[in-house]
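Chemist: model the structure of this input:
(2 chains)
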2 protein chains.
Amino acid sequence: MTNSSATPIRWTEDGTGLVILDQTRLPEEVIEVELRSVQDIFDAIFTLKVRGAPLIGITAAMGVAALARQDEMAEPKILRYDVGRWCDYFATARPTAVNLSWALARMRDITRENEDDDTETLVAELAAEAQAIWDEDVRMCAAIGEHAVGLIPEGGRVLTHCNAGALATGGIGTALAPIYLAHERGNTMEVFAGETRPLLQGSRLTAWELKQAGLDVRVITDSMAGAFFQRTPPDVVLVGADRIAANGDVANKIGTYGLAIFAKHHGVPFYVLAPTSTIDLDAGSADDIPIEHRGEDEVRNGFGKLTSPADVPIWSPAFDVTPADLITGIVTENGVLNAPYAAGLEAAVGAADEAVAVAMDAEAEVTEEE
Amino acid sequence: MTNSSATPIRWTEDGTGLVILDQTRLPEEVIEVELRSVQDIFDAIFTLKVRGAPLIGITAAMGVAALARQDEMAEPKILRYDVGRWCDYFATARPTAVNLSWALARMRDITRENEDDDTETLVAELAAEAQAIWDEDVRMCAAIGEHAVGLIPEGGRVLTHCNAGALATGGIGTALAPIYLAHERGNTMEVFAGETRPLLQGSRLTAWELKQAGLDVRVITDSMAGAFFQRTPPDVVLVGADRIAANGDVANKIGTYGLAIFAKHHGVPFYVLAPTSTIDLDAGSADDIPIEHRGEDEVRNGFGKLTSPADVPIWSPAFDVTPADLITGIVTENGVLNAPYAAGLEAAVGAADEAVAVAMDAEAEVTEEE
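Modeler: Predicted coordinates for the structure are as follows:
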């Protein structure tokens, strides 16, 4: 963590609930909210109080574990059934980010793998798995940062979009991870945050967390991005991802595709930074990625003021897809990949699975030795 | 006029003031404001209560005429001096649109050309010139519409940016003129209005005036434009202009350049529609066009809510420049021009000057005959 006030999630003291930073209130108010019920957790994800592909996976997993702790008197069979039900429900909160279903699949697997465990053991295993998902994310963020820090020239200009930072992950972010590391190592770069309509994650969240950490950050609106590339082009564009298809097509926050076209037109390198949990090998290409559409009022009434006539329809996809051929490189915790992406992405997922297996074996050995 | 409620300007009944629609309040409130003082008129232009390159020229000219009517007891010398002073002041309200200084130069010329006139005659001449600037704009809008209406296929999809409609001109707009004509003639096209951050002229004004006139209009945010081109590309992009350089480079509302790049990337024709008064032959290229930068609070506090931390700087140019090579055609009241633009733009300005001279001769003849 670069600073404690940006911590987007933690357990309640007794571990039966979660405390999250309500990201819809930033930067006007820094307010923490306690989540205790199934509905609390679903709503926090659905209404974007917590957001960011890695963080919603972590939140859902921790949510399942916290609810399980409340269920400590239940029959193991009932708890298994409940966990399945919660996982099904939470998975429907946001359709595009694959990390959500990925994290929930890991929680569900716990209840399937350990068939003879009693409730107490099961609850402990679920809590350990949720904590592991979080801890792994912290390490993945750091590794992504290490692999990408060299992409930012000394005193250079970096453009990012939406928020792929500490507020979107369990650690120091994905797209922002190399920025934090570069800053730590004395690079006096300038960071430009694209505003990111409709929900302004760039101007509200990225600007806030980078400023809190003492970085030199500036905001541009999405409409200014073209002129920005024309007049004072960035040295590199760094963005996160909500889902990466097997061929390297990337779904990310709406507006990302436009930046990729600008980068191509102006000869600026364009990198996607994401943990391997974002890679969906079952999606062959962008065509297999469901794109979430959000309500018209997020555009029309997003600021408590009518910004478009109430009877004019609004087209509001929350994500767009950047085709692999516009992407200079994809950075995961396992390194930097370049086109063609198919083999590299498959290997990165394989390496990640192996790393998890090794970690689990190591844990198992420790447990056996105890 | 396509509908009376969208009339953005008129004289007060006694002609000594102006009544404008306060465009900063739309679409929440339809409120008319009376302008009577030098400061009222300057502020209305400066704070964008009236905006749009043609309309601010008309407003400034009518403002000078209205103030002159208040000055009817002054010595002719004093009135000439005052007109010069008002013109100097109003010209500083917005730097990018050339129509403002063009219209004010015409008002100033009146006081220079008719050196022996008494105050009453001078006041009448100023009022007639302001009315002529307005009337010419109405005709120019209609002519632009006629020249461009064939660019919109039957049942097609049109994308526009900012507001270059009835609210930006004295007539039916520039970019929106062919849309109104196509609609009148039964074309069931769909119009997409880009939101246009920071001041939302697309979602607030274009959506409002087209909806009022019964058209099928939808809104997208600027961040959605790339995905829009990718998923459901428009048949044509139609935008206005604030200044056109001699080589065909076009300054227009921030965000226009980005749309031009998307149009090129996706093979969609991109047209600029503007009266010849927007052409500045003294500006050789984009480099000679001053770009207005607006205050940070238009981005940060534009909705009465803090959307970015107060201590994070914001880069906020109000306009960008689209190089001539991204423009499929420029439509003026004299027809459609294609690249290379230099000769065509010069000829269009020449034809316009000639048309004004002919009209003035005709008027002079009528006056003589009376």
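Chemist: what number of residues lie near residue A:28?
Modeler: By other CB atoms under 10 Å in any protein chain shown, 12 other residues sit near residue A:28. C-betas here are computed from N, CA, C, even on glycine.
Chemist: from residue A:51, how far off is it?
Modeler: With distances taken as CB to CB, to the nearest Å, residue A:28 is found 17 Å from residue A:51.
Chemist: what of residue A:64?
Modeler: 18 Å.
Chemist: show me where chain A has its strands.
Modeler: A:9-11, A:18-21, A:32-35, A:157-160, A:190-194, A:217-220, A:236-239, A:243-245, A:250-253, A:270-273, A:279-280, A:319-322, A:329-332, A:335-337 (DSSP state E).
Chemist: out of these, nearest to residue B:260?
Modeler: Residue B:260 lies closest to strand A:217-220 among the strands of chain A, at 17.8 Å (CB to CB).
Chemist: can you list the helices and strands that that closest one packs against?
Modeler: strand A:190-194, helix A:207-212 (3 or more CB pairs under 8 Å, 6 or more residues apart in numbering or on different chains; DSSP states H and E).
Chemist: okay if I get these as CSV plus mean pLDDT and distance to chain B?
Modeler: Formatted as CSV, the helices and strands packed on strand A:217-220 follow (pLDDT from 0 to 100; distance: least, CB to the nearest CB, whole Å):
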stretch, mean pLDDT, distance to chain B
strand A:190-194, 98, 8
helix A:207-212, 96, 4
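Chemist: now these in JSON lines, with mean neighbour count?
Modeler: JSON lines is the format used below for the helices and strands packed on strand A:217-220 (neighbours: other CB atoms under 10 Å in any protein chain shown):
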{"stretch": "strand A:190-194", "mean neighbour count": "26"}
{"stretch": "helix A:207-212", "mean neighbour count": "25"}
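Chemist: just to revisit the earlier point, among the strands of chain A, which comes closest to residue B:303?
Modeler: That would be, of the strands of chain A and by CB to CB, strand A:217-220, which comes in at 14.7 Å.
Chemist: pLDDT of that closest one, averaged?
Modeler: The pLDDT scores in strand A:217-220 average 97.
Chemist: give me the residues contacting that strand.
Modeler: Here strand A:217-220 makes contact (CB atoms under 8 Å, 6 or more residues apart in numbering or on different chains) with A:190-195, A:202-203, A:206-207, A:210-211, A:228, B:299-300, B:308, B:312-316.
Chemist: tell me which of the helices and strands packed on strand A:217-220 lies nearest to residue B:173.
Modeler: strand A:190-194 (29.9 Å).
Chemist: what pairs with the closest one, parallel or antiparallel?
Modeler: Note on strand A:190-194: by DSSP bridges, its sheet partners are strand A:157-160 (parallel), strand A:217-220 (parallel).
Chemist: dump these to JSON lines, plus mean neighbour count.
Modeler: Output for those, formatted as JSON lines (neighbours: other CB under 10 Å):
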{"stretch": "strand A:157-160", "mean neighbour count": "24"}
{"stretch": "strand A:217-220", "mean neighbour count": "24"}
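Chemist: export these to JSON lines and tack on distance to residue B:243?
Modeler: Converted to JSON lines, the strands paired with strand A:190-194 look like this (distance: least, CB to CB, whole Å):
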{"stretch": "strand A:157-160", "distance to residue B:243": "27"}
{"stretch": "strand A:217-220", "distance to residue B:243": "22"}
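Chemist: out of these, flag the one nearest residue B:258.
Modeler: Closest among the strands paired with strand A:190-194, once you apply CB to CB, is strand A:217-220, at 11.4 Å.
Chemist: for chain A, what's the longest helix?
Modeler: Counting by DSSP state H, the longest helix found in chain A is helix A:119-148.
Chemist: and it, what's buried?
Modeler: By neighbour count on 16 or more other CB atoms under 10 Å in any protein chain shown, the buried set for helix A:119-148 is A:119, A:122-123, A:125-127, A:129-134, A:136-138, A:140-145, A:147-148.
Chemist: got the residues of the stretch 1-150 of chain A near chain B?
Modeler: A:27, A:28 (CB under 8 Å from any CB of the partner chain).
Chemist: what segments of the stretch 1-150 of chain A are helices?
Modeler: Counting by DSSP state H, counting those that start in this stretch, the stretch 1-150 of chain A has helices at residues A:38-46, A:53-70, A:76-91, A:98-113, A:119-148.
Chemist: export the ones you listed to JSON lines and tack on mean pLDDT?
Modeler: Formatted as JSON lines, the helices of the stretch 1-150 of chain A follow (pLDDT from 0 to 100):
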{"stretch": "helix A:38-46", "mean pLDDT": "97"}
{"stretch": "helix A:53-70", "mean pLDDT": "97"}
{"stretch": "helix A:76-91", "mean pLDDT": "96"}
{"stretch": "helix A:98-113", "mean pLDDT": "94"}
{"stretch": "helix A:119-148", "mean pLDDT": "97"}
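Chemist: next, format those as a markdown table and append distance to residue B:58.
Modeler: As requested, the helices of the stretch 1-150 of chain A are exported to a markdown table (distance: least, CB to CB, whole Å):
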| stretch | distance to residue B:58 |
| --- | --- |
| helix A:38-46 | 49 |
| helix A:53-70 | 51 |
| helix A:76-91 | 57 |
| helix A:98-113 | 54 |
| helix A:119-148 | 53 |
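Chemist: can you give me the pLDDT of the closest residue to residue A:253 other than its chain neighbours?
Modeler: In space, and not counting its chain neighbours, residue A:253 is closest to residue A:162: 3.7 Å by CB to CB, 6 or more residues apart in numbering or on different chains. On the pLDDT scale, residue A:162 is placed at 98.
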